[in-house]
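In: Just a sequence and a predicted model for now, questions to come.
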Amino acid sequence: MATIIYTLTDEAPMLATYSFLPVVQAFASSAGVDVETRDISLGGRILALFPEHLTEEQRIDDALAELGELATTPDANIIKLPNISASMPQLKAAIRELQSQGYALPDYPDEPATDEERDIRARYDKVKGSAVNPVLREGNSDRRAPAAVKNYARKHPHSMGEWSADSKTSVATMGQDDFRSNEQSVVIDGGDTLTIRHIADDGTETVLKDGLAVLDGEVVDATVMRAAPLEAFLREQVARAKADDVLFSVHLKATMMKVSDPIIFGHVVKAFFPEVFERYGADLQAAGLSPNNGLGGILDGLDALPNGDEIRTAFEQGLADGPRLAMVNSDKGITNLHVPSDVIVDASMPAMIRTSGHMWGPDGDEHDTLAVIPDSSYAGVYQAVVEDCQRHGAFDPTTMGSVPNVGLMAQKAEEYGSHDKTFEMTAAGRVEVVGADGRVLMSHDVEPGDIWRACQTKDAPIRDWVKLAVTRARASQTPAVFWLDETRAHDRNLIAKVEAYLPEHDTEGLDLRILSPVEAAKLSVERIRRGEDTISVTGNVLRDYNTDLFPILELGTSAKMLSVVPLMNGGGLFETGAGGSAPKHVQQLVEQNYLRWDSLGEFLALAESFRHEAANGNARAGVLGETLDRATESLLNENKSPSRRIGQIDNRGSHFWLARFWAEELAGQTEDAALAEIFAPVAEQLVAQTDAIEAELIAVQGEPVDIGGYYRPDGDKAAAVMRPSETFNGVLASLA
């Protein structure tokens, strides 16, 4: 029996799974497809790391490790929903919740003093940041807007804010002394085992990492962001925002870049409140209140300090004296600097561009904004789009083209694989990357506080990435642009490989180009204004950025993208979109028993998963996939996606309508008469019971509900909340 693995993740996508998975399992069983689950949620990953602290009944398998092994085999068929890429505050909150639920987990040791504490911290650190995606992504990314979704967006355009030519919104970036400008890159000849070492000015040598095995043809990069210039740059931007009377905001990726970006975030907090940290920095440090965890964590901890009220008053004065801060929630006073994981660049920048270049200010209104993106590697892409909108106005979803993406991400490619090779310097000196023969391959002078990192990109994923780009360009007859900058060290090596591997494929008649990210962005927005499509062929970080930027402008959300990962060894990974709005959705469910989360990404991924089974010989699974796509188009055209207002259908209602449309499509198709016979009575029941089912689903709305936990809900409670229609449940049970 064929098996699809459906991942249990976090927040709104996980809650939606309690409602949608029974539909999936019931329909899939008709094609001999078994749908199993694996728990890769933040809570589940934490528990899997500490079996010796748990009772026998509490222990769970390491599902992520299991799926990582499966992803390297031809048998893999994995549907991966959005998961939490945990920041430090989220990690600690999850630990506290699990402890309150009776799991005897150790506390996170901020300053480990014993081998045991160092081991505990190392285990917890494994689940910080993007711990899931690098394990599962044993292939490169193919992301695009399905025709049904694009057509719907053109017929029912989402709102777009109006841009004015006198907009003062802009992007500020360092341009020097940052990761991009200091980057060095080498291509490994014949394989090697590398050591990263720090040699202090007094000659003391410290090994930062050893035994780093690299393969023949692998690209290895090293770079440093210098702390003193970073601090000077940030102080300048705070003053600039104040002088220009615009909101100050910073946009980082403290989840995926879980070592470097929280440190940078801490520098921003200190630059915004220089007097506070000059006067009280030692007090805060002694109390374990780090700016790296955000302003919110500091304010929450002030009550325990004898001079806490005095420090709180100083922060309030700093807010009054500085530029107006962009807000995450102005009603609750949550600023751009409260939590490092609240403002993630790939989601926050497109939202700002879509909203006239505005973010929300402390007064609850929209305002022009200075968007600070310290590292200049990709900041210019956003500035190019901002400038285009200032010249030409907002994009028009009814006519604009699309920018699908082919992304290099397999085997922890590029910056997203740098976590175990990123270090904050404690002493002046030099950091070297050394080969097994003692030869120094790369070297940087460093000062205390500098952030040094290295990353790797294996040759096989690069070769596969080029192949996928040609395949997509050929299949869609669309120009494809490699977003690579010959003035950047890493990109120069990739350009050489792209030029070497393209001749391995039939490229006759294809429009394939190599442009810097800024020039590629300018070309892409120029073409989408004409209604033309352009494939962006990018590295790992730009894959993340572009697959939020353009879909949010085109479709209103990145959750409606089709995301297929053809795994390099023949399996398939099917991703279901972004989860950036998931926390707010959970809050609304708990308060009002209303889940606004849109599972469209799950519908699209599931259809591709069925097609993958069809390619492996299960023709009936192919029928399920084709009819599911038609049902999804009906769902969109009939406006049965979750409403924004309580009292109408929410996520659970959309699942019912998807099931009804799907059953009707299966009953009406002519490819498989036996399958049509199975679903004819199901479709008849769902049509006949529509009013009753909708009434049951809507009747529960408006009252608070208990799901037993945020990071690890109680399964029975969550299922009861997410499956309130006994009528619908009964129809599904009859099918299963």
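Out: Nice, thanks for sending it over.
In: How is the chain divided into domains?
Out: 2-138+567-735, 170-179+226-392 (automatic domain parsing).
In: possible to save the ones you listed as JSON lines with mean neighbour count and mean pLDDT?
Out: Bear in mind the C-beta positions are built from the backbone N, C-alpha and C, glycine included. Below are these laid out as JSON lines (neighbours: other CB atoms under 10 Å; pLDDT from 0 to 100):
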{"stretch": "domain 2-138+567-735", "mean neighbour count": "19", "mean pLDDT": "94"}
{"stretch": "domain 170-179+226-392", "mean neighbour count": "20", "mean pLDDT": "95"}
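In: Would you tell me which of these gets closest to Glu486?
Out: domain 170-179+226-392 (14.2 Å; CB to CB).
In: any idea how far that closest one is from the chain center?
Out: Relative to its chain's centre, domain 170-179+226-392 lies at 20 Å (CA atoms, centre = their mean, to the nearest Å).
In: for stretch 502-522, same thing?
Out: With CA atoms, centre = their mean, you get 26 Å for stretch 502-522.
In: Tabulate the domains of the chain (CSV), appending distance to Ile495.
Out: Putting the domains of the chain into CSV (distance: least, CB to CB, whole Å) gives the following:
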stretch, distance to Ile495
domain 2-138+567-735, 22
domain 170-179+226-392, 16
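In: Tell me which of these lies nearest to Arg529.
Out: Comparing those by CB to CB, domain 170-179+226-392 comes nearest, at 6.6 Å.
In: Regarding that closest one, how distant is the last residue from the first?
Out: From its first residue to its last, domain 170-179+226-392 covers 16 Å (CA to CA, to the nearest Å).
In: In the stretch 551-700 of the chain, what residue spans correspond to helices?
Out: Counting by DSSP state H, counting those that start in this stretch, one finds helices in the stretch 551-700 of the chain at the ranges 582-592, 600-615, 619-637, 651-668, 673-688, 690-699.
In: So what's the residue count around Asp511?
Out: Neighbour count for Asp511, taken as other CB atoms under 10 Å: 13.
In: could you measure it against Gly308, distance?
Out: 62 Å (CB to CB, to the nearest Å).
In: can you pull the contacts of the residue lying closest to Lys412 once chain neighbours are set aside?
Out: Leaving aside its chain neighbours, Lys412 sits nearest to Pro134 (4.3 Å; criterion: CB to CB, 6 or more residues apart in numbering). Each residue near Pro134 by CB atoms under 8 Å, 6 or more residues apart in numbering is listed here: Lys412, Tyr416, Gly417.
In: Can you tell me which of those is nearest Thr534?
Out: Tyr416 (23.9 Å).
In: burial count for the residue found closest to that closest one once you drop the neighbours it is linked to in the chain?
Out: Closest residue in space to Tyr416, ignoring its immediate chain neighbours: Asn540 at 5.0 Å, by CB to CB, 6+ apart. Using other CB under 10 Å, Asn540 is surrounded by 27 other residues.
In: And the closest residue to Glu684 other than its chain neighbours, how far from Asp691?
Out: Closest residue to Glu684 apart from its sequence neighbours, by CB to CB, 6+ apart: Ala667 at 7.9 Å. Using CB to CB, Ala667 is found at 20 Å from Asp691.
In: now the strands for the stretch 301-450 of the chain?
Out: Along the stretch 301-450 of the chain, the segments classed as strands by DSSP state E, counting those that start in this stretch run 327-329, 334-335, 358-360, 366-372, 405-407, 422-424, 429-434, 440-446.
In: outside of the helix or strand containing Ala282, which residues touch it?
Out: Ala282 belongs to helix 274-286 when elements are defined using DSSP states H and E. Contact with helix 274-286 is made by Arg235, Lys270, Ser290, Pro291, Ile298, Leu305, Asn307, Glu310, Ile311, Ala314, Phe315, Gly318, as judged by CB under 8 Å, 6+ apart.
In: Turn the residues you listed into JSON lines, columns for distance to Glu696.
Out: Shown next, in JSON lines, are those (distance: CB to CB, whole Å):
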{"residue": "Arg235", "distance to Glu696": "58"}
{"residue": "Lys270", "distance to Glu696": "54"}
{"residue": "Ser290", "distance to Glu696": "49"}
{"residue": "Pro291", "distance to Glu696": "49"}
{"residue": "Ile298", "distance to Glu696": "47"}
{"residue": "Leu305", "distance to Glu696": "52"}
{"residue": "Asn307", "distance to Glu696": "56"}
{"residue": "Glu310", "distance to Glu696": "56"}
{"residue": "Ile311", "distance to Glu696": "52"}
{"residue": "Ala314", "distance to Glu696": "54"}
{"residue": "Phe315", "distance to Glu696": "49"}
{"residue": "Gly318", "distance to Glu696": "52"}
